[in-house]
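**Q** have a look; sequence and predicted model below, questions after that.
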Amino acid sequence: MSLLKITSIETLYFDRIYALQGISLEIREHEIFTVLGPNGAGKTTLLKTIAGLLKDQPKKGTIEFNGRRISGMSPERISSRGIVYVPEDRGLFRELSVWENLELGCWGRRDRELKSDLEYVYSLFPILAERRDQQADKLSGGEQQMLAIARGILRRPKLLMLDEPSLGLSPKLARSVYDTLRAVSKRDMTILLVEQNAKMALDICHYGYIMEAGRIVLKGTAQELKENDDVRELYLGVDQETSGEKGYRYYTKRRKW
Amino acid sequence: MVTFFQYLISGLSAGSLYALVALGIVLIYRSTRILNFAHGDKATVGTFVAFTLLSRDLPFYLALPISLVFGALLAMFFYFAIIVPAQRRDATILGQITITVGLSMVLQGALLFFWGTESQIMPFPLSDTRVWTVGPFYFNQLSIGTFLVGITGSILLYFLIQKTRLGLAMKATSENLAAAQTLGIPTRTVLATSWGLAALFGVLAGMFLAPALILDPFFMLEPFLKGFSGAILGGLNSLVGAVVGGLIIGIVENLSGGYISLEFKNTVPFLIIILVLLVRPEGLFGKEFKERI
């Protein structure tokens, strides 16, 4: 059953600049989805639109979550439906301590599993337990990302949306963040990733969408995308375009989308 | 020396009320970046409600909470009825500040309409003519009570913000609104609570100032300006700064009134603010805005 269903939404900035031009996508439960695309394709706008952070957007189209329409709701209400958005800048409360950030992640939760969830989060990221009383601003980039993800998990979202979780991290650290995401997705959580780092994202996701200039140009399972010639060339950087027999080529190769 | 301490005592007493006013201003500024120019007038309205209740022979312990709550509700109503719609239509911060100036005028008009221009005397359980003598020092009942209320109020607010979840949510909302929203924190309610609390503290200050001053629709203007300068002196972002700033203004005002001339009572504090801001533009306790790049 589809968890999130987006039907031809259009999002505009300043009422005239189209950022999303009729995007439709569907996200099934318990899987990892990824949206790839170059800068300015509208990936972040897509996540912000889903989270309800853009006022009066989407202008057209509907977003349904769990079969109920959420487009046009306030971000607080969307969040309480079970969608957590971890923005590109991680959205931490920088002046507050690590612990206070985590506590705010538990906002509105009073169930008994809270304690075991906290322990789970600490077991995923032991460094956070160590830095408990440190100011979030003083954490390293990787630790900040871990804190942002941990805070998201504590809300027990049905859908966790992450904007470039590997941004600014060393390859090794990015890898470990991704491993965590894979582990987390097994806990009754659907993940929607937006990435520039196509290889890493395609390694962990089940299904992917490729966006360009506000449109979805290609979709398919991770395997299909990995085998697609254009994706390989443009996003994975393998199979460099070979020049013709005479050592030069006459035209730039056209993408098939 | 004795007169010095006498001035100090009355300065602390006045200053603790300025601190309450300053706290209200800082609370709103921190969470919304709005300088609330209607703060003094909301306090005046609350004080007049208390005046009406007290002159109808309602006991003080009932009149106080009723007027505090009235002031808080008025401020929350103002937030939901005017500020929220303005924000929804993308009002700039300057626009919203101008709205508070406008509201200040409206409230003044309402005060004149309902209570008239005549000066009133507030019936009050504490009196400044009842005096205790300890050694060479005089303490009057009103200033002791004022000081205690001011300090208790500041400490209560401090604990509310530092130790409760509501306070944590207030800090989170003021620091990163979008992140607070995506965590499902009811930011509107949190902000409305800030407005309500600020007004509550304003009314509290107004009620204890009224017996010392003459109660008329404009009696809060001067204390408001002093609280405002106390807030700026302490750094508009800092609650501790607001308390310290308010106290400093109170003390300096009384010392300059006593030693220089009574005409200077209102001027010297502002001169000092200018000097302090020349050296530390962010105020005594304010943090300079820094961002890691």
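**A** Alright, I've got the coordinates. Numbering: from 1, shown residues only, chains lettered A, B, ... in the order given.

**Q** use CA for all of it now, contacts and neighbours both
**A** Will do.

**Q** tell me the residues of chain B that contact chain A?
**A** Residues of chain B lying close to chain A (CA under 8 Å from any CA of the partner chain) are B:168-169, B:172, B:175-176, B:178-179, B:181-187.

**Q** most neighbours of all those residues, which one?
**A** The member of the residues of chain B next to chain A surrounded by the most neighbours (other CA atoms under 10 Å in any protein chain shown) is B:Leu183, with 30 neighbours in all.

**Q** torsion angles phi and psi at that residue?
**A** Here the main-chain torsion angles of B:Leu183 (degrees, to the nearest 10) amount to phi -90, psi 0.

**Q** cool, and A:Leu192?
**A** Dihedral angles phi and psi of A:Leu192 (degrees, to the nearest 10) take the values phi -120, psi 120.

**Q** who's in contact with it?
**A** If a contact means CA atoms under 8 Å, 6 or more residues apart in numbering or on different chains, then A:Leu192 has A:Ile32, A:Phe33, A:Thr34, A:Val35, A:Leu159, A:Leu160, A:Met161, A:Leu162 as its contacts.

**Q** again, only using 10 Å
**A** The contact partners of A:Leu192, by CA atoms under 10 Å, 6 or more residues apart in numbering or on different chains, come to A:27, A:31-35, A:47, A:85, A:159-163, A:205, A:207-208.

**Q** just say helix, strand or coil for the closest residue to chain A within the stretch 51-200 of chain B.
**A** Proximity of the stretch 51-200 of chain B to chain A (CA to the nearest CA) peaks at B:Gly184, 4.4 Å away. Using DSSP: H, G, I helix; E, B strand; the rest coil as the criterion, the local structure at B:Gly184 reads coil.

**Q** tell me the phi and psi of it?
**A** Backbone phi and psi, for B:Gly184 under degrees, to the nearest 10, turn out to be phi 80, psi 10.

**Q** against B:Ala178, how distant is B:Ser10?
**A** Using CA to CA, to the nearest Å, one gets 45 Å for the distance from B:Ser10 to B:Ala178.

**Q** I should have written B:Ser13 there, sorry.
**A** The gap separating B:Ser13 from B:Ala178 is 41 Å, by CA to CA.

**Q** related to what we said a few turns ago, and of the residues of chain B next to chain A, the nearest to B:Ala231?
**A** B:Glu175 (19.0 Å; CA to CA).

**Q** hmm, the closest one is touching A:Asn101, no?
**A** No: assessed by CA atoms under 10 Å, B:Glu175 is found out of contact with A:Asn101, at 11.8 Å.

**Q** anything in contact with each of those two?
**A** Listed as contacting both B:Glu175 and A:Asn101 by CA under 10 Å, 6+ apart are A:Leu92, A:Phe93, A:Arg94, A:Glu95.

**Q** which ones, among those, also lie beside chain B?
**A** When CA under 10 Å from any CA of the partner chain is applied, the members of the shared contacts of B:Glu175 and A:Asn101 adjacent to chain B are A:Leu92, A:Phe93, A:Arg94, A:Glu95.

**Q** okay, the residues you listed in a markdown table with neighbour count and distance to B:Ser55 next?
**A** As requested, those are arranged in a markdown table below (neighbours: other CA atoms under 10 Å in any protein chain shown; distance: CA to CA, whole Å):
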| residue | neighbour count | distance to B:Ser55 |
| --- | --- | --- |
| A:Leu92 | 25 | 52 |
| A:Phe93 | 24 | 48 |
| A:Arg94 | 18 | 50 |
| A:Glu95 | 17 | 47 |
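
**Q** nearest to chain B, of the residues you listed?
**A** Relative to chain B, the closest of these is A:Phe93; by CA to the nearest CA it sits at 6.2 Å.

**Q** let me know the helix or strand that the closest one is in.
**A** When elements are defined using DSSP states H and E, A:Phe93 is found to belong to no helix and no strand.

**Q** so who does it touch?
**A** A:100-101, A:104, A:135-137, A:148, B:171-177, B:179-180.

**Q** A:Tyr18 too?
**A** When contacts are counted by CA under 10 Å, 6+ apart, A:Tyr18 touches A:Glu10, A:Thr11, A:Leu12, A:Gly42, A:Ala213, A:Gly214.

**Q** which residues does A:Gly208 form a beta bridge with?
**A** Beta bridges link A:Gly208 to A:Thr34, A:Gly220, judged by DSSP bridges.

**Q** pretty sure it contacts A:Leu225?
**A** Yes: in this structure A:Gly208 lies within contact range of A:Leu225 using CA under 10 Å: 7.3 Å.

**Q** any common contacting residues for the two?
**A** A:Leu202, A:Leu218, A:Lys219.

**Q** tell me where the stretch 101-250 of chain B has helices.
**A** In the stretch 101-250 of chain B, the segments counted as helices under DSSP state H, counting those that start in this stretch are B:141-163, B:165-175, B:177-182, B:187-209, B:221-234, B:239-259.

**Q** what's the nearest residue to the residue in the stretch 51-200 of chain A that chain B sits nearest to if we skip its chain neighbours?
**A** The minimum distance from the stretch 51-200 of chain A to chain B, using CA to the nearest CA, falls at A:Glu76 (4.4 Å). By the measure of CA to CA, 6 or more residues apart in numbering or on different chains, the closest residue to A:Glu76 outside its immediate chain neighbours is B:Gly184, 4.4 Å from it.
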